[in-house]
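Student: Sequence first, predicted coordinates after that:
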Amino acid sequence: MSRIGILGAGAWGTALATAAARAGSEVVLQAHEPEVADAINNDHINTTYLPDVDLDPAIRATALAEDTLDSDAVLVVAPAQHVRTVLAGIADKWPEGLPAIICAKGIEQESCALMSEVVADVLPQAPISVLSGPTFAIEVARDLPTAVTFAADKAVADLAIPALNSHRFRIYHSSDVIGAQMGGAVKNVLAIACGIVEGRKLGDNARAALITRGLAEIIRIGVAKGAKFETLAGLSGLGDLTLTCNAMQSRNFSLGVALGEGRSLEDILGGRKSVAEGVFTASSVTDLARRLKVEMPICTAVDGVINHFAGIDATIEGLLSRPLKDETA
C-alpha cells in the first residue's frame, strides 16, 4: 500500500495523515469543512483542529469524501456517531475489496453497534480492520514516540502496517478486531468518571481505584462481546485507559473535570469544537451491558450524570455504598 485516504480531518485524522506521510505514503485527507481543506492545501496547517503543527506539504486535502477512494486503504476517522452517515454517502462508490481501517472510538447509539458492525452493515464489500491505542493527536503529529494496535487479518496487516508505521509510530498486530474496539470505546466513559474525581478533588487514590475497577468493566463487557482478555490488557485496552484517565489533554477527562467542578454539560459542550465521544458512548455502552447481562456500575453512574440528571455527589455515594465483593468476581 502506498496511497492512504483518510475520512475526517479533525485532530486525530490530521495526526494520522502526518504519520502516513512520514511512512512514505501518499495521503488524501477529507475535511467536512471546505475551509479546513483549503487551509491544509494552501497554508499546510489545520487551523481549526490542530493549529500548532506544520503539516507535510505533500498531504492533499479535499472536502469530498469520494476523493479518498482512489487509495489502497481508507482510514475512517469521522466521529463515531457519524460513521454510518459518512460511509452511507459513498457506499455505492466504494470499490470492492478496498480496506476500511476504523480509527473512530465509540459505540453507536440506538443500535449499540461497534464501529466494525456499522461498517460491515454499510460496506459489505470492504475488508475491516481497526487501529487503536493510547494516542494524543498532538503528540503523534509532533512525532513523539507512540505505540498502537492494528487489528486485522494478517494478510491485510502485512500490507497496511508498512504504510503507516515509522520509527516513532510503532504498530503492533492483533487479530482481535472486537477487543481493539472495546477498550477504545469504554475508556472514554471511564475518563469522564476520572475527570469528575479530579474536579471534585477526591484524590489520587480514588482515581487509581476507578481506573482499576474500570478496567474490570472493560474486560467484562469485552469478553462477553467476544474479545480476548490479552487484547484488553494491551495497548488498545489498559494502555488507552491509562492515558485517557490521567491527562487534561484528554477531551473526556477534561470534560469530567469541568463537570466535577460544577459546570453544566450544556455549557461545557457549547464551548468546544472537538467531540468528547464518552458523552455519547455512556448511554450506548450501558445499554449494551444490559443486553449482554454485564454489570458496569461506573459506566452506568456516568450515564446517570450525563443523561439522566443524576447528582454527582449522590452518584459517588452510591458507588461507595455498593456491597463488598471478591475483587475477581
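Tutor: Cool, got the structure.
Student: does F280 really touch A80, like I thought?
Tutor: Yes: judged on CB atoms under 8 Å, F280 makes contact with A80 at a distance of 7.0 Å. C-beta: built from backbone N, CA, C; applies to glycine.
Student: mind listing the strands for the stretch 1-150 of the chain?
Tutor: Using DSSP state E, counting those that start in this stretch, the strands of the stretch 1-150 of the chain run over residues 3-7, 26-30, 60-62, 73-76, 100-102, 128-132, 146-151.
Student: Kindly report the same for the stretch 151-300 of the chain.
Tutor: Going by DSSP E, counting those that start in this stretch, the stretch 151-300 of the chain shows strands at 169-174.
Student: Could I get the full set of helices for it?
Tutor: Using DSSP state H, counting those that start in this stretch, the helices of the stretch 151-300 of the chain run over 154-164, 177-199, 204-225, 229-232, 240-244, 251-260, 265-270, 277-292, 297-307.
Student: got a list of contacts for stretch 215-229?
Tutor: 114, 176, 178-179, 182-183, 186-187, 190, 231-233, 237-238, 241, 285, 288-289, 292-299 (CB atoms under 8 Å, 6 or more residues apart in numbering).
Student: How far off centre is it?
Tutor: 17 Å (CA atoms, centre = their mean, to the nearest Å).
Student: try stretch 101-121
Tutor: 11 Å.
Student: Send me stretch 141-152 as PDB with only the CA atoms.
Tutor: Provided in PDB are the C-alpha atoms of stretch 141-152 (Å, rounded to 0.1, in the frame of the first residue of the first chain):
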ATOM      1  CA  ALA A 141       1.600  14.900  14.900                       C
ATOM      2  CA  ARG A 142       4.800  16.100  16.600                       C
ATOM      3  CA  ASP A 143       6.400  12.600  16.000                       C
ATOM      4  CA  LEU A 144       6.700  11.800  19.700                       C
ATOM      5  CA  PRO A 145       7.100   8.000  20.400                       C
ATOM      6  CA  THR A 146       3.700   6.200  20.200                       C
ATOM      7  CA  ALA A 147       2.600   2.600  20.100                       C
ATOM      8  CA  VAL A 148      -0.700   1.300  18.800                       C
ATOM      9  CA  THR A 149      -2.600  -1.800  17.900                       C
ATOM     10  CA  PHE A 150      -3.700  -2.800  14.400                       C
ATOM     11  CA  ALA A 151      -6.300  -5.500  14.400                       C
ATOM     12  CA  ALA A 152      -6.900  -7.200  11.200                       C
END
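Student: quick revisit: the strands of the stretch 1-150 of the chain into JSON lines, with extra columns for mean neighbour count, mean pLDDT and distance to K325?
Tutor: Converted to JSON lines, the strands of the stretch 1-150 of the chain look like this (neighbours: other CB atoms under 10 Å; pLDDT from 0 to 100; distance: least, CB to CB, whole Å):
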{"stretch": "strand 3-7", "mean neighbour count": "25", "mean pLDDT": "98", "distance to K325": "43"}
{"stretch": "strand 26-30", "mean neighbour count": "24", "mean pLDDT": "98", "distance to K325": "48"}
{"stretch": "strand 60-62", "mean neighbour count": "19", "mean pLDDT": "98", "distance to K325": "52"}
{"stretch": "strand 73-76", "mean neighbour count": "27", "mean pLDDT": "98", "distance to K325": "39"}
{"stretch": "strand 100-102", "mean neighbour count": "26", "mean pLDDT": "98", "distance to K325": "35"}
{"stretch": "strand 128-132", "mean neighbour count": "27", "mean pLDDT": "98", "distance to K325": "30"}
{"stretch": "strand 146-151", "mean neighbour count": "22", "mean pLDDT": "98", "distance to K325": "31"}
